[in-house]
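Q: Here's my sequence, what's the structure:
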Amino acid sequence: MSDVTPAAKSATKSVWKRFLPLAVLLSVLATFLVLRTTGYLDFLSLDALKENQTKLHAWVADNFLVVYATYFAVYVLVTACSLPFALLMTLTGGFLFGTLLGGIVVVFAATIGATTVFLATRSAFGDFFLGRAGNKIKKLEEGFQEDVVSYMLFLRFIPIFPFFLINIAAAVFRVPLRIFFLTTLFGVAPGTFIYALSGSSLNDIFAAGKDFSPDTILTPKVIAALVGLSLLSLLPILYRKFKRSA
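A: Residues are numbered from 1 along each chain as shown. Prediction:
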(Lines give C-alpha, C1' and ligand atoms only; values in the text may rest on other atoms or scores of the structure.)
Protein backbone atom coordinates (compact mmCIF):
# COMPACT_ATOMS: atom_id res chain seq x y z
CA MET A 1 0.00 0.00 0.00
CA SER A 2 1.38 3.39 -0.91
CA ASP A 3 2.34 5.80 1.88
CA VAL A 4 1.87 8.82 -0.40
CA THR A 5 -1.20 10.80 0.58
CA PRO A 6 -3.50 12.49 -1.95
CA ALA A 7 -2.33 15.86 -0.59
CA ALA A 8 1.30 14.94 -1.23
CA LYS A 9 0.47 13.79 -4.75
CA SER A 10 -1.35 17.03 -5.40
CA ALA A 11 1.59 19.06 -4.07
CA THR A 12 4.02 17.14 -6.29
CA LYS A 13 1.78 17.76 -9.32
CA SER A 14 1.63 21.44 -8.47
CA VAL A 15 5.43 21.70 -8.26
CA TRP A 16 5.83 19.99 -11.64
CA LYS A 17 3.22 22.25 -13.20
CA ARG A 18 4.88 25.34 -11.77
CA PHE A 19 8.43 24.52 -12.78
CA LEU A 20 7.82 22.81 -16.13
CA PRO A 21 8.08 26.13 -18.06
CA LEU A 22 11.36 26.79 -16.24
CA ALA A 23 12.66 23.40 -17.35
CA VAL A 24 11.59 24.12 -20.93
CA LEU A 25 13.38 27.47 -20.97
CA LEU A 26 16.55 25.94 -19.53
CA SER A 27 16.38 23.19 -22.13
CA VAL A 28 16.04 25.57 -25.05
CA LEU A 29 18.80 27.76 -23.64
CA ALA A 30 21.05 24.71 -23.45
CA THR A 31 20.12 23.89 -27.05
CA PHE A 32 21.09 27.39 -28.10
CA LEU A 33 24.48 27.13 -26.37
CA VAL A 34 25.16 23.79 -28.06
CA LEU A 35 24.18 25.13 -31.49
CA ARG A 36 26.23 28.27 -30.93
CA THR A 37 29.29 26.28 -29.83
CA THR A 38 29.10 23.80 -32.70
CA GLY A 39 28.78 26.57 -35.29
CA TYR A 40 25.22 25.83 -36.46
CA LEU A 41 24.28 29.47 -35.91
CA ASP A 42 27.16 30.92 -37.91
CA PHE A 43 24.86 31.41 -40.90
CA LEU A 44 22.80 33.97 -38.99
CA SER A 45 24.10 37.01 -40.80
CA LEU A 46 23.24 38.46 -44.19
CA ASP A 47 26.86 38.25 -45.29
CA ALA A 48 26.97 34.55 -44.38
CA LEU A 49 23.75 33.91 -46.29
CA LYS A 50 25.15 35.69 -49.35
CA GLU A 51 28.49 33.87 -49.26
CA ASN A 52 26.95 30.43 -48.72
CA GLN A 53 23.76 30.72 -50.75
CA THR A 54 24.39 27.67 -52.94
CA LYS A 55 25.67 25.49 -50.09
CA LEU A 56 22.78 26.37 -47.80
CA HIS A 57 20.15 25.57 -50.41
CA ALA A 58 21.87 22.29 -51.21
CA TRP A 59 21.91 21.49 -47.49
CA VAL A 60 18.18 22.21 -47.22
CA ALA A 61 17.42 20.13 -50.32
CA ASP A 62 19.36 17.12 -48.98
CA ASN A 63 18.17 17.34 -45.35
CA PHE A 64 14.91 19.25 -45.49
CA LEU A 65 13.12 17.76 -42.46
CA VAL A 66 16.20 17.95 -40.24
CA VAL A 67 16.95 21.55 -41.22
CA TYR A 68 13.30 22.58 -40.92
CA ALA A 69 12.96 20.99 -37.45
CA THR A 70 16.27 22.48 -36.29
CA TYR A 71 15.25 25.93 -37.51
CA PHE A 72 11.92 25.56 -35.71
CA ALA A 73 13.61 24.60 -32.42
CA VAL A 74 16.10 27.46 -32.66
CA TYR A 75 13.35 29.98 -33.38
CA VAL A 76 11.35 28.80 -30.36
CA LEU A 77 14.49 29.32 -28.29
CA VAL A 78 15.09 32.79 -29.74
CA THR A 79 11.55 33.86 -28.87
CA ALA A 80 11.41 32.22 -25.44
CA CYS A 81 14.73 33.69 -24.35
CA SER A 82 14.11 37.09 -26.03
CA LEU A 83 17.35 36.79 -28.00
CA PRO A 84 18.07 39.78 -30.24
CA PHE A 85 17.97 38.27 -33.72
CA ALA A 86 14.35 37.24 -34.34
CA LEU A 87 14.14 39.50 -37.42
CA LEU A 88 17.28 38.00 -38.92
CA MET A 89 15.94 34.52 -38.16
CA THR A 90 12.67 35.34 -39.96
CA LEU A 91 14.54 36.61 -43.02
CA THR A 92 16.64 33.45 -42.94
CA GLY A 93 13.49 31.32 -42.83
CA GLY A 94 12.19 32.97 -45.98
CA PHE A 95 15.63 32.69 -47.59
CA LEU A 96 15.95 28.96 -46.87
CA PHE A 97 12.37 27.70 -47.21
CA GLY A 98 10.51 30.28 -49.27
CA THR A 99 7.71 32.63 -48.28
CA LEU A 100 5.03 30.03 -47.47
CA LEU A 101 7.03 27.37 -45.61
CA GLY A 102 9.30 29.96 -44.02
CA GLY A 103 6.33 32.00 -42.83
CA ILE A 104 4.48 28.98 -41.45
CA VAL A 105 7.41 27.71 -39.41
CA VAL A 106 8.09 31.17 -37.96
CA VAL A 107 4.45 31.78 -37.02
CA PHE A 108 4.20 28.53 -35.08
CA ALA A 109 7.68 28.75 -33.55
CA ALA A 110 7.14 32.35 -32.42
CA THR A 111 3.75 31.44 -30.94
CA ILE A 112 5.14 28.46 -29.03
CA GLY A 113 8.11 30.48 -27.79
CA ALA A 114 5.80 33.29 -26.65
CA THR A 115 3.49 30.79 -24.94
CA THR A 116 6.47 29.34 -23.08
CA VAL A 117 7.27 32.78 -21.66
CA PHE A 118 3.58 33.32 -20.91
CA LEU A 119 3.34 30.08 -18.92
CA ALA A 120 6.66 30.66 -17.19
CA THR A 121 5.53 34.11 -16.08
CA ARG A 122 2.37 32.62 -14.59
CA SER A 123 4.40 30.07 -12.64
CA ALA A 124 8.04 29.86 -11.65
CA PHE A 125 9.38 32.98 -13.34
CA GLY A 126 6.67 35.48 -12.39
CA ASP A 127 8.77 37.66 -10.08
CA PHE A 128 11.79 37.58 -12.42
CA PHE A 129 9.83 38.69 -15.47
CA LEU A 130 7.90 41.33 -13.52
CA GLY A 131 11.18 42.80 -12.33
CA ARG A 132 12.45 42.89 -15.91
CA ALA A 133 9.31 44.52 -17.24
CA GLY A 134 9.16 47.24 -14.59
CA ASN A 135 6.50 49.96 -14.69
CA LYS A 136 6.02 49.65 -18.45
CA ILE A 137 3.65 46.78 -17.87
CA LYS A 138 1.12 49.09 -16.22
CA LYS A 139 0.63 50.91 -19.51
CA LEU A 140 -0.91 47.77 -20.95
CA GLU A 141 -3.41 47.10 -18.16
CA GLU A 142 -6.34 49.20 -19.39
CA GLY A 143 -6.32 47.66 -22.85
CA PHE A 144 -6.47 44.12 -21.48
CA GLN A 145 -9.44 45.06 -19.31
CA GLU A 146 -11.36 46.63 -22.21
CA ASP A 147 -11.36 43.76 -24.74
CA VAL A 148 -8.64 41.18 -24.42
CA VAL A 149 -8.99 39.64 -27.90
CA SER A 150 -8.98 42.94 -29.78
CA TYR A 151 -6.18 44.35 -27.69
CA MET A 152 -3.98 41.26 -28.06
CA LEU A 153 -4.45 41.32 -31.85
CA PHE A 154 -3.65 45.04 -31.94
CA LEU A 155 -0.43 44.53 -29.97
CA ARG A 156 0.63 41.66 -32.22
CA PHE A 157 -0.17 43.47 -35.49
CA ILE A 158 1.76 46.60 -34.52
CA PRO A 159 4.64 45.96 -32.07
CA ILE A 160 4.35 49.20 -30.12
CA PHE A 161 5.66 47.35 -27.08
CA PRO A 162 8.48 44.75 -27.09
CA PHE A 163 7.31 41.24 -27.94
CA PHE A 164 8.50 39.74 -24.65
CA LEU A 165 6.74 42.47 -22.65
CA ILE A 166 3.39 41.62 -24.23
CA ASN A 167 3.91 37.96 -23.29
CA ILE A 168 4.58 38.94 -19.67
CA ALA A 169 1.73 41.45 -19.45
CA ALA A 170 -0.76 38.92 -20.84
CA ALA A 171 0.25 36.46 -18.12
CA VAL A 172 0.17 39.06 -15.34
CA PHE A 173 -3.30 40.26 -16.35
CA ARG A 174 -4.60 36.68 -16.57
CA VAL A 175 -5.33 36.42 -20.27
CA PRO A 176 -6.74 32.91 -20.86
CA LEU A 177 -4.18 30.58 -22.42
CA ARG A 178 -6.38 29.76 -25.42
CA ILE A 179 -6.95 33.44 -26.24
CA PHE A 180 -3.25 34.21 -25.82
CA PHE A 181 -2.20 31.37 -28.12
CA LEU A 182 -4.72 32.09 -30.89
CA THR A 183 -4.30 35.87 -30.91
CA THR A 184 -0.54 35.44 -31.01
CA LEU A 185 -0.77 32.85 -33.79
CA PHE A 186 -2.96 35.04 -36.01
CA GLY A 187 -1.55 38.35 -34.83
CA VAL A 188 2.07 37.66 -35.78
CA ALA A 189 1.16 36.11 -39.14
CA PRO A 190 0.86 39.26 -41.32
CA GLY A 191 4.21 40.74 -40.30
CA THR A 192 5.87 37.34 -40.38
CA PHE A 193 4.88 36.62 -43.98
CA ILE A 194 6.00 40.09 -45.03
CA TYR A 195 9.46 39.43 -43.59
CA ALA A 196 9.51 35.87 -44.97
CA LEU A 197 8.73 37.29 -48.42
CA SER A 198 11.62 39.72 -48.01
CA GLY A 199 13.86 36.85 -46.95
CA SER A 200 12.85 34.84 -50.00
CA SER A 201 13.68 37.82 -52.23
CA LEU A 202 17.23 37.76 -50.84
CA ASN A 203 17.94 34.90 -53.24
CA ASP A 204 17.32 37.11 -56.27
CA ILE A 205 19.08 40.09 -54.68
CA PHE A 206 22.21 38.10 -53.91
CA ALA A 207 22.15 36.35 -57.29
CA ALA A 208 22.18 39.78 -58.93
CA GLY A 209 25.21 40.75 -56.84
CA LYS A 210 23.30 43.42 -54.92
CA ASP A 211 23.14 44.14 -51.19
CA PHE A 212 19.99 43.90 -49.11
CA SER A 213 18.42 47.12 -47.83
CA PRO A 214 16.01 47.13 -44.86
CA ASP A 215 13.99 49.80 -46.70
CA THR A 216 12.71 47.10 -49.04
CA ILE A 217 10.74 45.47 -46.19
CA LEU A 218 8.68 48.17 -44.50
CA THR A 219 7.52 50.17 -47.48
CA PRO A 220 4.74 52.76 -47.00
CA LYS A 221 2.20 50.30 -48.43
CA VAL A 222 3.23 47.56 -46.01
CA ILE A 223 3.12 49.92 -43.04
CA ALA A 224 -0.31 51.18 -44.12
CA ALA A 225 -1.60 47.60 -44.35
CA LEU A 226 -0.36 46.72 -40.87
CA VAL A 227 -1.81 49.90 -39.39
CA GLY A 228 -5.11 49.15 -41.10
CA LEU A 229 -5.21 45.67 -39.57
CA SER A 230 -4.45 47.14 -36.16
CA LEU A 231 -7.26 49.67 -36.42
CA LEU A 232 -9.68 46.93 -37.45
CA SER A 233 -8.72 44.91 -34.39
CA LEU A 234 -9.54 47.90 -32.18
CA LEU A 235 -13.03 48.45 -33.61
CA PRO A 236 -14.83 46.45 -30.85
CA ILE A 237 -13.13 48.55 -28.16
CA LEU A 238 -13.90 51.82 -29.94
CA TYR A 239 -17.51 50.74 -30.45
CA ARG A 240 -17.98 50.02 -26.75
CA LYS A 241 -16.51 53.38 -25.82
CA PHE A 242 -18.81 55.09 -28.32
CA LYS A 243 -21.88 53.34 -26.89
CA ARG A 244 -20.94 54.37 -23.36
CA SER A 245 -20.54 58.00 -24.34
CA ALA A 246 -23.71 58.07 -26.45
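Q: Low-confidence regions, this protein specifically.
A: Confidence mapping of the chain against pLDDT under 70 gives the ranges 1-29, 31-32, 35-36, 38-44, 124-143, 145-146, 211-246.
Q: That one: helices as residue ranges?
A: 6-38, 46-51, 53-62, 64-80, 86-122, 126-133, 141-146, 148-157, 163-172, 177-187, 189-207, 220-245 (DSSP state H).
Q: quick one: residue 83 and residue 208, what's the gap?
A: Residue 83 sits at a distance of 31 Å from residue 208 (criterion: CB to CB, to the nearest Å). Quick note: C-beta positions are derived from backbone N, CA and C, even for glycine.
Q: If you count surrounding residues, which of those two has more?
A: Shown here are residue 83 and residue 208; by other CB atoms under 10 Å, residue 83 has more neighbours (15 against 7).
Q: where does that one fall, phi/psi-wise?
A: phi -80, psi 150 (degrees, to the nearest 10).
Q: Looks like it contacts residue 76 (just checking).
A: No - using CB atoms under 8 Å, residue 83 makes no contact with residue 76, being 10.9 Å away.
Q: And the residue lying closest to residue 171 once chain neighbours are set aside, how far from residue 55?
A: Computed as CB to CB, 6 or more residues apart in numbering, the closest residue to residue 171 that is not its neighbour in sequence is residue 121, at 3.7 Å. Here residue 121 is placed at a distance of 40 Å from residue 55 (CB to CB).
Q: do the same with residue 34
A: On the measure of CB to CB, residue 34 and residue 55 end up 22 Å apart.
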